[in-house]
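**Student:** predicted model, plus sequence, below.
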Amino acid sequence: MKPKKWAVFRADLFPDDTEETDTEIIRFPGENIAEALREILAGVGCERIGEPSEEAEHGWHVHFRSNSKPFWLQVSRIEPETLLLFDKSYGSDGLFYKGPSRHEQLLEKIRAALATDGRFGELRWYTQEEMDTVDWNLPLEPAAATGPEADA
């Protein structure tokens, strides 16, 4: 079974931290989300959590370790959704390792932590195949305008 390593959610409680001019984006959005995720990673026992690095249109990356294995995450804010990718930086759990996937164990901890954090709204998890083949876009929020102002 493929791991559900992609998350899609609404980040309405995080202010937009984009810096741009009329013609270009100077700083892509999502650094504040990456910083919040660093705290969450520390809370689930990860170590050597690096500073967020900007990766242009890919958003922000954070490298870290869990049980001495290297992992990374990517935050990509594409309004109205924010995409998260949690992946491993190593090929396998090892030739003689017979336990459950360390990647999946880490994802279980992260899923539980994000599910209880109110800043991550409408959180949904996907495999890579699902991200490539299904419509993962969150539904647009219904129009709140009713009454005389809506008719203008």
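**Tutor:** Yes, it's here.
**Student:** and the longest strand for this protein?
**Tutor:** strand 69-78 (DSSP state E).
**Student:** list the buried residues for the helix or strand following that strand?
**Tutor:** Downstream of strand 69-78, the next assigned helix or strand under DSSP states H and E is strand 81-88. For strand 81-88, the neighbour count (16 or more other Cβ atoms under 10 Å) marks E81, T82, L83, L84, L85, F86, K88 as buried. (C-beta placed from N, C-alpha, C; glycine too.)
**Student:** the residue nearest the centre of the chain pairs with what?
**Tutor:** Taking Cα atoms, centre = their mean, the centroid of the chain lies closest to L84, which sits 2.1 Å from it. Judged by DSSP bridges, the bridge partners of L84 are A7, V75.
**Student:** hang on, it packs against I78?
**Tutor:** No. L84 is beyond contact range of I78, at 11.6 Å (criterion: Cβ atoms under 8 Å).
**Student:** contact partners of stretch 1-10?
**Tutor:** 80-87, 101, 103-104, 107, 111, 114, 120-131, 136-138 (Cβ atoms under 8 Å, 6 or more residues apart in numbering).
**Student:** which ones among those lie within helices?
**Tutor:** For these, the ones inside helices are H103, E104, L107, R111, L114, Q128, E129, E130, M131, with DSSP state H as the criterion.
**Student:** picking up where we left off before, lowest-confidence one in the buried residues of strand 81-88?
**Tutor:** When the buried residues of strand 81-88 are compared by pLDDT, E81 scores lowest at 84.
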